[in-house]
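A.B. asks: Sequence and computational prediction follow.
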Amino acid sequence: WDTNGTQWKQAFNSNTSRLHIDSKLIQNFTGQVDCYSGPVGSNLKNCTANIDSSNDNKIITISSTLALEAGENITMVVSFKSETFASYISPPLSFNQKIFYGIIIVILALWYLIIPICLFIWSFSRWKKFGRDAKTNTAIVPQYLAPKNISIIEADIIKNSTMSNKAITATIIDLAVRHYWRIFDLDNNDYEIEIIKDTSDLLESEKAIVKIIFTDNFLVDKKIKKKKKKNLYSQTQIIANDCYIQSIVDGYMIDTRKIQKKVNLFGVLLIILSILTLNIIGFFSAIAMMMFARNMPALSNKGIELKTYLGGLNMYMKVAEQDRIKLLQGANTAEIDSKQLIILYEKLLPYAILYGIDKSWTEQLSHLYIDQAPTWFNGNNQRFNSIMFAGAINSFNSTTSNSFAPPTNSGDSGFSGGSSGGGGGGGGGGGW
């Protein structure tokens, strides 16, 4: 037993403790006694142990031989036969304690196990019900014509469930091929765009691209030059969101925005609270919930039909050129001349950019021009060169994609307005 304990903040000049052994326990007393002094863990014996047997009861006296400093104690050791004393049995819990500990156990079980699992099951069921594309048995067959009445950006969203930077570049090329503007290749990897046709009849997403490049001046003969300008990425994200909404309005996608936001919100809250409370099951459940929310945009039957068509277009564009021409002739049952092939390849060039095959497609297209320059693209040489054309288009695609990429530490690349005046190559106007 500790006589005075080790928690006192004061010193003791002396310490004397006595243990009275009842006569009923004397027969179990082995006669061995000892003592220790000092702080916790000390094996010093600055103390004495004496046994007084003059009375019926034995008295064991322990006394210190030196003063005790603050935090020092005298420990008494008395030996009894085995099983003299019963093992300690903790008293039963009271009713209030049982209720309290029961509530704690239920709360811990709810938070660390039941709630995360239930939220995971709920989010999975929402994704399974609302977030999966409509089923279709339509096989993908080669298609050689671009889809009608849909913008490049909307097609990209339906193909990938999100808009990529390549969709912006593809739209710029598409508007050039459709003769809404002309692209001029200047020196030092610089380019210029000139509006050559009224843009009021464009689709909304296409008008938005025109507005980003030309701000509020959409007049014919307006030119624009390429130079640093901030916030292009944020503007393209607005276009992406608007096109996503438009694809819902047009019936290509199912509107899952509300349930998607709800699942994502619960996922974010769960991952924050799980980190704060070290809830491993909750943490991984939250990650799964946010993944369900991210993959929740779903295509309708109409959207699946368009995605299947785009898959067929991709299939057609990736086959060898000879096989591609055979497919064309089989579809038209007539000989395809070079002019018709140029028109077809030009219209599919924006989709080649979307599919990441723009380099090979541009190279094949450049060989079709022979000595005839495309009407929508002006090089910086007086005489048309197919090799330089392919290189210029690829360089334009790369430069433009970087202009609409997320901002970096070095800033954004973009467009700023110039003024009309002069012909191809800049003249008195701005360069793009």
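C.D. replies: Yep, it's here. Owing to the predicted nature of the structure, the values given are computational and were not obtained by experimental measurement. Numbering: from 1, shown residues only.
A.B. asks: Tell me which other helices or strands the longest helix belonging to the chain touches.
C.D. replies: Ranked by number of residues, the top helix in the chain under DSSP state H is helix 257-277. For helix 257-277, the helices and strands in contact under the criterion 3 or more C-beta pairs under 8 Å, 6 or more residues apart in numbering; DSSP states H and E are helix 115-130, helix 280-294. C-betas here are computed from N, CA, C, even on glycine.
A.B. asks: Next, the most far-flung residue of the chain relative to its centre: secondary structure please.
C.D. replies: Using C-alpha atoms, centre = their mean, the residue of the chain lying farthest from its centre is Ser54. It sits 85.1 Å away. Here Ser54 is recorded as coil under DSSP: H, G, I helix; E, B strand; the rest coil.
A.B. asks: deepest of the helices and strands packed on helix 257-277, which one?
C.D. replies: helix 280-294 (a mean of 19; mean count of other C-beta atoms under 10 Å).
A.B. asks: Could you double-check that Ser285 lies in contact with Phe266?
C.D. replies: No. Applying C-beta atoms under 8 Å, one finds Ser285 not in contact with Phe266, separated by 9.8 Å.
A.B. asks: Find residues that contact each of those two.
C.D. replies: Counting by C-beta atoms under 8 Å, 6 or more residues apart in numbering, the contacts common to Ser285 and Phe266 are Leu119.
A.B. asks: average pLDDT for the helix or strand containing Lys24?
C.D. replies: Assessed by DSSP states H and E, Lys24 sits inside helix 23-26. What helix 23-26 shows for mean pLDDT is 85.
A.B. asks: again with stretch 50-69
C.D. replies: If you average the pLDDT over stretch 50-69, you get 86.
A.B. asks: Going forward, count from 26.
C.D. replies: In the new count, where the first residue is 26, that last one comes out as stretch 75-94.
A.B. asks: List the contacts of it.
C.D. replies: The contact list for stretch 75-94, computed with C-beta under 8 Å, 6+ apart, reads 28-29, 36-48, 51, 54, 56, 58, 60, 62, 71-74, 99, 101, 103.
A.B. asks: mind running it again at 7 Å?
C.D. replies: 28, 36-48, 51, 54, 58, 60, 62, 71-74, 99, 101, 103 (C-beta atoms under 7 Å, 6 or more residues apart in numbering).
A.B. asks: which of the residues in that stretch are buried?
C.D. replies: Going by neighbour count (16 or more other C-beta atoms under 10 Å), the buried part of stretch 75-94 is Lys83, Ile85, Ile87, Ser89, Leu93.
A.B. asks: Mind jotting down where the strands sit in the stretch 226-375 of the chain?
C.D. replies: Taking DSSP state E, counting those that start in this stretch as the criterion, the stretch 226-375 of the chain carries its strands at 248-253, 278-279, 323-324.
A.B. asks: if you average pLDDT over the longest one, what comes out?
C.D. replies: Model confidence over strand 248-253 averages 62 on the pLDDT scale.
A.B. asks: Then stretch 159-168?
C.D. replies: What stretch 159-168 shows for mean pLDDT is 79.
A.B. asks: Understood, closing this out.
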